[in-house]
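1. Sharing a sequence plus its predicted fold:
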Amino acid sequence: MHDSSPSSESTIIGIDAGASLVKLALALPSGDLQLERLPADDLPRVVERVAGLRATRVCLTGGGAATLAPLLGDGTTVHDEFASWA
């Protein structure tokens with residue numbers, strides 16, 4: 001995990017909500033990519049982390065997406081992981 005909060009100037013977050021881990025991919029304004037892992041059984045922690053980043057865009061996929069999406073609120077785009085493979 002990474003404790004620092006990147007600038008939210010134009011941070012985009014991609015989330016893969018799996019059964020045991022929630023993986024975050026942060027596309028930072030600098031062009032760098034930062035990866036983080038959080039436990040899937042601690043969704044309040046995931047929501048807190050994502051909210052703290054104040055991203056301009058949040059995209060979500062994975063088996064846990066249907067549970068996590070309503071907690072993240074409006075503006076979160078959900079992509080079916082299997083349809084994305086087609």
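-> Structure's in. What do you need? The structure presented is a predicted model; accordingly, all values stated were derived computationally and were not measured.
2. Give me the mean pLDDT for stretch 25-32.
-> What stretch 25-32 shows for mean pLDDT is 93.
3. burial measure for L71, as a count.
-> 13 (other Cβ atoms under 10 Å). All C-beta atoms are positioned from the backbone trio N, CA, C, and that covers glycine.
4. by contact count, what packs against the strand or helix carrying it?
-> According to DSSP states H and E, L71 maps onto helix 65-72. Counting by 3 or more Cβ pairs under 8 Å, 6 or more residues apart in numbering; DSSP states H and E, the packing neighbours recorded for helix 65-72 are strand 12-17, helix 43-53, strand 57-61, strand 76-78.
5. mind giving me TSV with the ones you listed and columns for distance to P70 and mean neighbour count?
-> Compiled in TSV, the helices and strands packed on helix 65-72 are given as follows (distance: least, Cβ to Cβ, whole Å; neighbours: other Cβ atoms under 10 Å):
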stretch	distance to P70	mean neighbour count
strand 12-17	12	21
helix 43-53	10	15
strand 57-61	11	18
strand 76-78	9	16
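6. Is it possible to get TSV of those that adds mean pLDDT?
-> Compiled in TSV, the helices and strands packed on helix 65-72 are given as follows (pLDDT from 0 to 100):
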stretch	mean pLDDT
strand 12-17	96
helix 43-53	95
strand 57-61	95
strand 76-78	92
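7. Any chance of TSV for the ones you listed, columns distance to S30?
-> What follows is the helices and strands packed on helix 65-72, written out as TSV (distance: least, Cβ to Cβ, whole Å):
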stretch	distance to S30
strand 12-17	12
helix 43-53	14
strand 57-61	16
strand 76-78	23
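8. So for L68, which of the ones you listed sits nearest?
-> L68 sits nearest to strand 12-17 of all those, at 4.8 Å, using Cβ to Cβ.
9. Sheet-wise, list the partners of that closest one with their directions.
-> Partner strands and pairing direction for strand 12-17 (DSSP bridges) are strand 21-27 (antiparallel), strand 57-61 (parallel).
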